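> compute the structure for the input listed below.
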Amino acid sequence: MSGATLPLANAHSTTAAQAPPLATSPELEQTLVSLTSHRSVLGYMLLSRGQPVSMIRHSGVVFEGEQGKKYASAISRIVESVQAGLEDVSGDSNDVDEVRFMRIRTRRHELMISPDGRYLLAVLHDPAS
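Purely as a prediction, here's the structure:
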């Protein structure tokens, strides 16, 4: 998953009620299944890049309900903030760098975020397990 763009294409996918339908590729489906099979993975979220951010799909109780909405909003703000910082430090507005993959480690968890032009994939895992 590191540095790779999300393989979104033409296959059927289950979506959240508030999100627009999403066609995902078999490669993405396989990646999501693989992620959820790891013992240390607490869950994943696939989010839209629009405002307001919407949760397209998720796995894991940590991303359920209000807690999931808080995570979705925080993840979106983190990516926007880092991208804005990159734009601020870029000397050339035509050569702005782009966030490809982020890994944030806290005392208890690790959050990995892989943004692309339309979506954000975030994975939360317990590095101790």
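> for the rest of this, base every contact and every neighbour count on C-alpha atoms.
OK.
> buried ones in the longest helix seen in the chain, by neighbour count?
Longest helix in the chain, counting residues (DSSP state H): helix 65-89. For helix 65-89, the neighbour count (16 or more other C-alpha atoms under 10 Å) marks 68, 71-73, 75-76, 79, 83, 87 as buried.
> can I get these in TSV including distance to residue 98 and pLDDT?
Below are those laid out as TSV (distance: C-alpha to C-alpha, whole Å; pLDDT from 0 to 100):
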residue	distance to residue 98	pLDDT
68	26	95
71	22	96
72	20	96
73	20	95
75	16	96
76	15	95
79	10	95
83	7	92
87	9	89
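> restrict stretch 28-39 to CA atoms and write it as PDB.
Provided in PDB are the C-alpha atoms of stretch 28-39 (Å, rounded to 0.1, in the frame of the first residue of the first chain):
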ATOM      1  CA  LEU A  28      -8.700  -2.800  -4.400                       C
ATOM      2  CA  GLU A  29     -11.200  -5.400  -3.100                       C
ATOM      3  CA  GLN A  30      -8.300  -7.800  -2.700                       C
ATOM      4  CA  THR A  31      -6.200  -5.200  -0.900                       C
ATOM      5  CA  LEU A  32      -9.100  -4.400   1.500                       C
ATOM      6  CA  VAL A  33      -9.700  -8.100   2.300                       C
ATOM      7  CA  SER A  34      -6.000  -8.600   2.900                       C
ATOM      8  CA  LEU A  35      -5.800  -5.600   5.200                       C
ATOM      9  CA  THR A  36      -8.700  -6.800   7.300                       C
ATOM     10  CA  SER A  37      -7.100 -10.300   7.600                       C
ATOM     11  CA  HIS A  38      -4.100  -8.900   9.500                       C
ATOM     12  CA  ARG A  39      -4.400  -9.400  13.200                       C
END
